[in-house]
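K.L.:
Predicted structure and sequence below. I'll ask about it afterward.
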Amino acid sequence: MQKGKFSKKKMPEGYFSVYPIPEESELKELYNREYYQEAKSSSYQSKYSESEIRYKKVISDQIVYAIEQFHESSNEKKFLEIGFGEGFTMAAAQRNEWEIKGLELTNVALRKFHPNLLKFTMQMDVCEGIKHFRSEESRFDAVVLQNVLEHVREPEKVLDELHEILEPRGILSITVPNDESLLQLDLLQRGSIDREYWFVPPQHLHYFNSENFGNLVSKKGYRIIDMYSDFPIEYFLYQPSSNYITNKEQGTLCQNARVAIFNQLASNGINKLHNLCQAQAQCGIGRAMTFLLQRV
């Protein structure tokens, strides 16, 4: 599958999808080849520095923290992560005494970083897994999807089906890249970047941001109860010497700075970090957005 065969199509809710949408068989071949091999890939690495591990733990702790601000203490604590990857968020939930389950196409990365969690997981794709839980009449108080929705062929169908496994007062946490964002469009207009670097089909099939995502989930019967972003790494693109799009050699340096800054901010307390990330999201900045949803 070549990037050039795809174009962008704006959907009625304001987000963009690639056209044409690849067939399911093509996507499975792509994931098997690029995402889930034993060797280092664009998604997962075989090892991380101590700072990178801390960074991943902070992101995971923040997800659980945000959920617990809305979870009713009298409810059970049944937690499902769809697309658990290396398992950092499941581990954070378990530390906070949630009863965890995980769903992923492969457990290769989990075996490397959290092998103790293997017994709580299943290997299925998103739709198959949701169908399985529906057949068992399983319901969860918290369901987490991190960087999943932009990959599925039919995000609206997935949002519909998640209704069936979420408790009536349950919380759905969805993290997606913040694409076609205010920063990205400003950088393009300024000439600081020479292309829409965020448009990466067939790896990403859909492109959401802080504005259009609300239109989508409202249509599918959810309301946003919280919204926050991560570190706005695209700030570095405003400075030519740190522009990792025009100079790829800056990529690792910028990522290292992102990790160091975010970890330092987290040292002030997860509650203060969360307040900052909420404010960033209100301004439409941050490389990724996390939305906490409840059924209407």
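P.N.:
Happy to help now that I have it. In this text the structure is predicted, and so the values were computed from the model without any measurement.
K.L.:
Which parts of the helix ranked longest in the chain count as buried, going by neighbours?
P.N.:
If you go by DSSP state H, the chain has its longest helix at helix 50-68. Buried positions in helix 50-68, judged by neighbour count with 16 or more other CB atoms under 10 Å: 54-67. In this view, the C-beta of every residue, glycine as well, is placed from N, C-alpha and C.
K.L.:
got the contact list for that helix?
P.N.:
48, 86, 88-89, 91-93, 96, 98, 142, 144, 146, 171, 173, 175, 226, 228, 230, 256, 259-260, 262-263, 266, 270-271, 273-274, 277, 290, 292 (CB atoms under 8 Å, 6 or more residues apart in numbering).
K.L.:
Would you mind giving me the ChimeraX syntax to select the buried ones in those residues?
P.N.:
The ChimeraX command for the buried members of the contacts of helix 50-68 (criterion: 16+ other CB under 10 Å) is given here:
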select :86,88,89,91,92,93,96,98,142,144,146,171,173,175,226,228,230,259,262,263,266,270,273,274,277,290,292
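K.L.:
Return the subset of the contacts of helix 50-68 lying in strands.
P.N.:
Among those, DSSP state E puts 142, 144, 146, 171, 173, 175, 226, 228, 290, 292 in strands.
K.L.:
For the second one, give me the pLDDT.
P.N.:
According to the predicted model, the pLDDT of residue 144 comes to 98.
K.L.:
got a list of what it touches?
P.N.:
Residue 144 is in contact with 63, 67, 79, 80, 81, 82, 89, 172, 173, 174, counting by CB under 8 Å, 6+ apart.
K.L.:
If we use 6 Å, what do you get?
P.N.:
By CB atoms under 6 Å, 6 or more residues apart in numbering, the contact list for residue 144 reads 81, 89, 173.
K.L.:
Could I get those residues in CSV, plus columns for pLDDT and distance to residue 199?
P.N.:
Formatted as CSV, these follow (pLDDT from 0 to 100; distance: CB to CB, whole Å):
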residue, pLDDT, distance to residue 199
81, 98, 27
89, 98, 27
173, 98, 25
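K.L.:
can you redo those as TSV with distance to residue 124?
P.N.:
Shown next, in TSV, are the contacts of residue 144 (distance: CB to CB, whole Å):
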residue	distance to residue 124
81	13
89	18
173	20
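K.L.:
Having no further points to raise, I will conclude here.
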